[in-house]
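Peer 1: Sequence and computational prediction follow.
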Amino acid sequence: MDFISATVRSRVMSRIRSQNTGPELLVRSCLHANGLRYKLHDRKLPGTPDIVFPSRRACVFVHGCFWHGCKRCKDGTRVIGSNRSYWVPKIERNRRRDRLSSKELKHLGWQVLVIWECETTNRKRIRGLVDTIKRIKPGTLRRTER
Ligand SMILES: [Zn+2]
């Protein structure tokens with residue numbers, strides 16, 4: 001079985017946006033294929049998590065390696081030469097905002113899961129994410145819906 005469809009793959013190549021990016025669609029389709037259902041981009045939550053499991057009180061951020069300054073791959077540590085003074089502080093701000101959102105969410109009782117773009121093609125990592133979410137039993141924690 002093909003790991004991702006051709007449609008998803010072509011979107012992976014073409015999109016450079018912070019929401020509905022290729023890596024995010026890839027993660028979503030894997031979660032969905034594993035029977036997990038979720039809400040998207042909940043603006044009521046700090047940092048607008050990409051994928052939200054309200055009854056489990058868990059959320060997933062799919063971080064683009066460049067935009068969020070991934071420390072474990074080339075994309076994250078790459079610096080755009082011509083505009084260094086623009087990109088370095090911008091990415092640093094993104095990282096700070098990510099840390100803050102995560103802290104606020106945890107404070108509100110949410111489990112915060114982060115998957116980096118460079119990890120989204122790693123089957124083991126995706127499997128691990130699915131298992132982690134499935135282990136969080138729905139409805140055992142206080143609900144926040146609406
Ligand atoms: Zn990365």
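Peer 2: Received it, and whenever you're ready, just let me know what you need. Residues are numbered from 1 along each chain as shown.

Peer 1: List the contacts of Cys118.
Peer 2: Cys65, Cys70, Arg72, Cys73, Asp75, Gly76 (C-beta atoms under 8 Å, 6 or more residues apart in numbering). Any C-beta I mention is one placed from the backbone N, CA and C, and that applies to glycine too.

Peer 1: which among the residues you listed end up buried?
Peer 2: Buried residues within the contacts of Cys118, counting neighbours by 16 or more other C-beta atoms under 10 Å: Cys65, Cys70, Gly76.

Peer 1: I'd like to check which residues are in contact with the closest residue to the first one other than its chain neighbours.
Peer 2: When you say that, I think you mean Cys65. Closest residue to Cys65 apart from its sequence neighbours, by C-beta to C-beta, 6 or more residues apart in numbering: Asp75 at 3.8 Å. Applying C-beta under 8 Å, 6+ apart, one finds that Asp75 lies in contact with Cys65, Phe66, Glu117, Cys118.

Peer 1: got the contact list for Cys59?
Peer 2: Asp42, Leu45, Pro49, Asp50, Ile51, Val52, Phe53, Leu105, Trp110, Gln111, Val112, Leu113.

Peer 1: Surely the first one forms part of a helix?
Peer 2: No - if the criterion is DSSP: H, G, I helix; E, B strand; the rest coil, then Asp42 is coil and not within a helix.

Peer 1: and the residue lying closest to it once chain neighbours are set aside, helix, strand or coil?
Peer 2: Closest residue to Asp42 apart from its sequence neighbours, by C-beta to C-beta, 6+ apart: Val52 at 4.6 Å. Following three-state DSSP, we place Val52 in the strand state.
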